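K.L.:
just need the structure, nothing else, for what follows:
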Amino acid sequence: MTVDGNRDAGLLRRVVRQVAATRAGAWVCARLLHRIDHVVFRASGGRTTFSAIVSGFPVVMLTTTGARTGRPRTIPVLALPDGERLVVIASNYGQRHNPAWYYNLRAHERTDVRIGPRRLAMTARELAGAEREHYFQYAIDVYPGWARYRSRASHRVIPVIMLEPSSCEKDEAK
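P.N.:
Residues are numbered from 1 along each chain as shown. A predicted model of the protein is given here:
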């Protein structure tokens, strides 16, 4: 899994990223993008999402266990690679509240991640202090829109989550 930095992205992808960082673009993305991503993910046989195509960012399908329901919930999220680990940012496009998947991970740290045909068992850990700042800056370096989300969500600290391979389960291709 690779990440195109903003400077390396083509014109279309740079425009998409800029629009997604605006207040109006973020509002639309938060309400529609995950639905479109699910359709494209299924239509592509699990190879890609609409978000990944138009933005150039690595988007994975994150399956959490519902904090209240206990049911599996799958949502596309941008995931930044760090070796075998993945970093996910619970910015929720700069909205007033954290995304539901964040609360699900807090309640149940075990999760599954689909990266194309691969399904990985992972464990979530919320970062704090200098480690959180390091990875949030890494995220901003990849996608400057997160700085705008942070500004709009200044009433809360945007959670940064590290997803690490679970030691007791192996990666299974599907």
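K.L.:
which strands or helices does the helix or strand where Glu133 lies pack on?
P.N.:
Using DSSP states H and E, Glu133 sits in helix 129-142. Helices and strands touching helix 129-142, by 3 or more Cβ pairs under 8 Å, 6 or more residues apart in numbering; DSSP states H and E, are strand 72-82, strand 85-89, helix 145-152, strand 160-165. Using the backbone N, CA and C atoms, a C-beta is placed for each residue, glycine as well.
K.L.:
redo the ones you listed as JSON lines? Include mean pLDDT.
P.N.:
Below are these laid out as JSON lines (pLDDT from 0 to 100):
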{"stretch": "strand 72-82", "mean pLDDT": "94"}
{"stretch": "strand 85-89", "mean pLDDT": "96"}
{"stretch": "helix 145-152", "mean pLDDT": "90"}
{"stretch": "strand 160-165", "mean pLDDT": "98"}
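K.L.:
buried deepest among those, which one?
P.N.:
strand 85-89 (a mean of 22; mean count of other Cβ atoms under 10 Å).
K.L.:
now the next helix or strand after that strand against strand 85-89, angle please.
P.N.:
Of the helices and strands lying after strand 85-89 in sequence (DSSP H and E), the nearest is helix 100-107. Comparing the axes of helix 100-107 and strand 85-89 via axes from the mean of the first three to the mean of the last three Cα atoms, to 10 degrees yields an angle of 120 degrees.
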